[in-house]
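[1] Any chance you could fold what I've pasted below:
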Amino acid sequence: MEEQAIVLLEMVDTFGASASNDDNCLKEQERLLPIANVGRIMKQILPANAKISKESKETMQECVSEFISFVTCEASEKCRKERRKTVNGDDVCWALETLGFDDYAGPLRRYLHRYREVEVDRANQDKIRSIEREE
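    Purely as a prediction, here's the structure:
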């Protein structure tokens, strides 16, 4: 889940860029998730002895990349209307809910909340260690 959430957030800039006709081939590759990552995630779900064809990976790559584009464009548009330049996890969750993907939005929002709690705890522990070293 963490990897997918990070990928969602990092893809915003890529999908926000427009391509000229001369750059179509390059831009097409830039807008797709790496096929090795797609294949690795697919393998995690399937039985160990399952085989995945190249065509299956490519189809999934297209679908997942389009889904990420769809969601991040919605989140990016919200930020643009609010005159913000940075899309955050809350914006992605909002976009998922707005687009009707409630089954994804709820778990991602819970994950984001827990992630932020862990980050606060980690920062507090770092402060305590720093103070202890100074003493």
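
[2] lowest-confidence helix or strand of the chain?
    helix 12-16 (a mean of 40; mean pLDDT, DSSP states H and E).

[3] pLDDT weak spots in the protein?
    Low-confidence segments of the chain, defined by pLDDT under 70: 1-29.

[4] can you pull the buried residues of the lengthiest helix in the chain?
    Counting residues, the longest helix found in the chain (DSSP state H) is helix 102-134. Using 16 or more other CB atoms under 10 Å as the test for burial, helix 102-134 gives 104-105, 108-109, 111-112. Using the backbone N, CA and C atoms, a C-beta is placed for each residue, glycine as well.

[5] Among those, pick out the one closest to residue 69, please.
    Using CB to CB, residue 104 is the member of the buried residues of helix 102-134 that sits closest to residue 69, with 15.1 Å.

[6] Now do the closest residue to that closest one other than its chain neighbours against residue 41, distance only.
    Nearest non-adjacent residue to residue 104, counting by CB to CB, 6 or more residues apart in numbering: residue 96, 5.1 Å away. Applying CB to CB, to the nearest Å, one obtains 18 Å for the distance of residue 96 from residue 41.

[7] Between these two, point out the one with more neighbours.
    The neighbour comparison of residue 96 against residue 41 (other CB atoms under 10 Å) goes to residue 96, with 23 against 15.

[8] And the more buried one, how far from residue 86?
    18 Å.

[9] just residue 30 next, same as before
    20 Å.

[10] For the two, indicate the residue with more neighbours.
    residue 30 (14 against 8).

[11] on contacts alone, who are the packing partners of the longest helix of the chain?
    helix 2-10, helix 89-98 (3 or more CB pairs under 8 Å, 6 or more residues apart in numbering; DSSP states H and E).

[12] Apply 7 Å and report the result again.
    Applying 3 or more CB pairs under 7 Å, 6 or more residues apart in numbering; DSSP states H and E, we find helix 102-134 packed against helix 89-98.

[13] just the angle between the helix it packs on and helix 102-134, please?
    Angle, helix 89-98 to helix 102-134, by axes from the mean of the first three to the mean of the last three CA atoms, to 10 degrees: 170 degrees.
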